[in-house]
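In: sequence plus predicted model, see below.
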Amino acid sequence: MKYLFIYATFLVSVQCFYDFIPDDIITFTLQANQEDILFENITEPTLIKGAYQVNHHKDVIDFSVKTPAGRTIYSKLSTNKGNFTVQATEIGLYSIIFNNKKKANQLLTYAVDVVKDKDDKIKSTDIDPLELDIDYIQNGLQELYYDHKFQQIRYESSTQQVKEANKKIYVFTVIETIFIVLVTIWQIWYIKRLYNKRSPLLL
């Protein structure tokens, strides 16, 4: 439920504060000391808009965007969340790089929108009723898509919580077992010591 709230908040932030509607939005686990790369295939000059958020406010990552030639056109270090807009003038695969230098896994949400130049956008006045109907259906499908994402995040959140609880139980069980073994050894030693002290008196 916690991650579901974060996901919904992030989606609202993207649409309201970052001023774009994402083509795609994903949530994934960035493993400790690992770099993950997402690719955007650009076939014509365009704009790439994106936003990202590490779902725990104390966690940070290094984020960067590279051109097909490997040139860094956007970079931000030790960041928890942010948005970016880059001019994609080269044709090919652009690399969206997430680098986790921490020793713990991090849950990350990322949204992206690949837009054409303003001159290529169709004005709302040019859309006929049939196209409006298609747009309405598309919005409905988008809502179903986001609902599916919500359900997926809820499942992943529950699974993660169960794993963390099992890990704590395991650690506690190990500590408790070690404590019982130490107490048992001490009791045996103490009883043996008392017996050895009393043995000469019995003789």
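Out: Structure received.
In: how about the strands in this structure?
Out: Under the criterion DSSP state E, strands of the chain are mapped to 24-30, 34-42, 46-54, 61-66, 72-79, 81-88, 92-100, 106-115.
In: low-confidence ranges, this structure, go.
Out: The model of the chain has pLDDT under 70 over residues 1-19, 116-140, 142-143, 146-147, 149-150, 153-154, 157, 197-203.
In: quick one: stretch 161-177 to chain centroid distance?
Out: Stretch 161-177 has its C-alpha centroid displaced from the chain centroid by 24 Å (Cα atoms, centre = their mean, to the nearest Å).
In: ugh, typo on my part, it should be stretch 158-173
Out: The gap between where stretch 158-173 is centred and where its chain is centred comes out at 20 Å by Cα atoms, centre = their mean.
In: which outside residues touch it?
Out: Contacts to stretch 158-173, defined as Cβ atoms under 8 Å, 6 or more residues apart in numbering, come from residues residue 107. The way it works is simple: take the backbone N, C-alpha and C, and place the C-beta from them, glycine included.
In: these two touch, right, residue 77 and residue 62?
Out: Yes - in this structure, residue 77 is within contact of residue 62 by Cβ atoms under 8 Å, at 5.0 Å.
In: more neighbours: which of the two?
Out: Between residue 77 and residue 62, residue 62 has the larger neighbour count (other Cβ atoms under 10 Å), namely 15 against 11.
In: got TSV for the strands of the chain, with distance to residue 156 too?
Out: Listed next are the strands of the chain as TSV, based on distance: least, Cβ to Cβ, whole Å:
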stretch	distance to residue 156
strand 24-30	7
strand 34-42	16
strand 46-54	15
strand 61-66	18
strand 72-79	23
strand 81-88	19
strand 92-100	17
strand 106-115	8
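In: what's the closest of those to residue 144?
Out: strand 24-30 (13.6 Å; Cβ to Cβ).
In: can you mark which positions in that closest one are buried?
Out: Residues 25, 27, 30 are the ones in strand 24-30 that count as buried (16 or more other Cβ atoms under 10 Å).
In: got TSV for those, with distance to residue 89 too?
Out: As requested, these are exported to TSV (distance: Cβ to Cβ, whole Å):
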residue	distance to residue 89
25	25
27	30
30	29
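In: for residue 177, find the nearest of the strands of the chain.
Out: Closest to residue 177 of the strands of the chain is strand 24-30 (Cβ to Cβ; 30.9 Å).
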